[in-house]
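Undergrad: Quick one, what's the 3D model for this:
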Amino acid sequence: MSRNAALFLVMCLVWGLTWWPVKVGAAHVPPIFLAAARFLLAGALMLAWVGRDAAGVPRTGHLVQPDQVAARGAAARRHITGIGG
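TA: Model (predicted):
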C-alpha cells in the first residue's frame, strides 16, 4: 500500500467516525461548547503545524512596510476609480 493510500484511509476513518463523538457529546453538553472545542482543537493543530516553520520566517527587512501598502492601495484606487492624480 502506498503512503498516499494509507493517508487517505486514515482520513476516511477519522472523517467517517466523527459522528460517534458528536452524538455522545450532544447528549451531554450544549452544541456551542462542541463547536468551540472543535475550533480550539483545529486552531491548536494549525498553530503547531505553522509553528514548525517559524524559525525560517523573516523578522524585518523582507516584509512590505506600511507606507508601501498605503501607496500601493492609493495607486490601485486611482487606477480603478479614475479619481485622483
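
Undergrad: rest of the way, CA atoms for contacts and neighbours
TA: Noted.

Undergrad: Pop out the phi and psi values for residue 29.
TA: phi -130, psi 160 (degrees, to the nearest 10).

Undergrad: packing partners for the lengthiest helix in the chain?
TA: Ranked by residue count, the top helix of the chain under DSSP state H comes out as helix 31-51. Helix 31-51 sits against helix 19-28, with contacts defined as 3 or more CA pairs under 8 Å, 6 or more residues apart in numbering; DSSP states H and E.

Undergrad: Please identify the buried residues of the helix it packs on?
TA: Judged by neighbour count (16 or more other CA atoms under 10 Å), helix 19-28 contains no buried residues.

Undergrad: What is it packed up against?
TA: Checking 3+ CA pairs under 8 Å, 6+ apart, helix 19-28 ends up next to helix 31-51.

Undergrad: Could you export the helix it packs on as CSV, CA atoms only?
TA: Extracted in CSV, the C-alpha atoms of helix 31-51 (Å, rounded to 0.1, in the frame of the first residue of the first chain):
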residue,chain,number,x,y,z
PRO,A,31,-23.8,22.4,20.9
ILE,A,32,-22.0,25.7,21.2
PHE,A,33,-19.5,24.1,23.6
LEU,A,34,-18.8,21.4,21.0
ALA,A,35,-18.3,24.0,18.2
ALA,A,36,-15.9,25.9,20.4
ALA,A,37,-14.0,22.8,21.3
ARG,A,38,-13.7,21.9,17.6
PHE,A,39,-12.4,25.4,16.7
LEU,A,40,-9.9,25.4,19.6
LEU,A,41,-8.6,22.0,18.6
ALA,A,42,-8.3,22.9,15.0
GLY,A,43,-6.6,26.2,15.8
ALA,A,44,-4.1,24.5,18.1
LEU,A,45,-3.3,21.9,15.4
MET,A,46,-2.8,24.6,12.7
LEU,A,47,-0.7,26.7,15.1
ALA,A,48,1.5,23.7,15.8
TRP,A,49,1.8,23.0,12.0
VAL,A,50,2.7,26.6,11.2
GLY,A,51,4.9,26.9,14.2
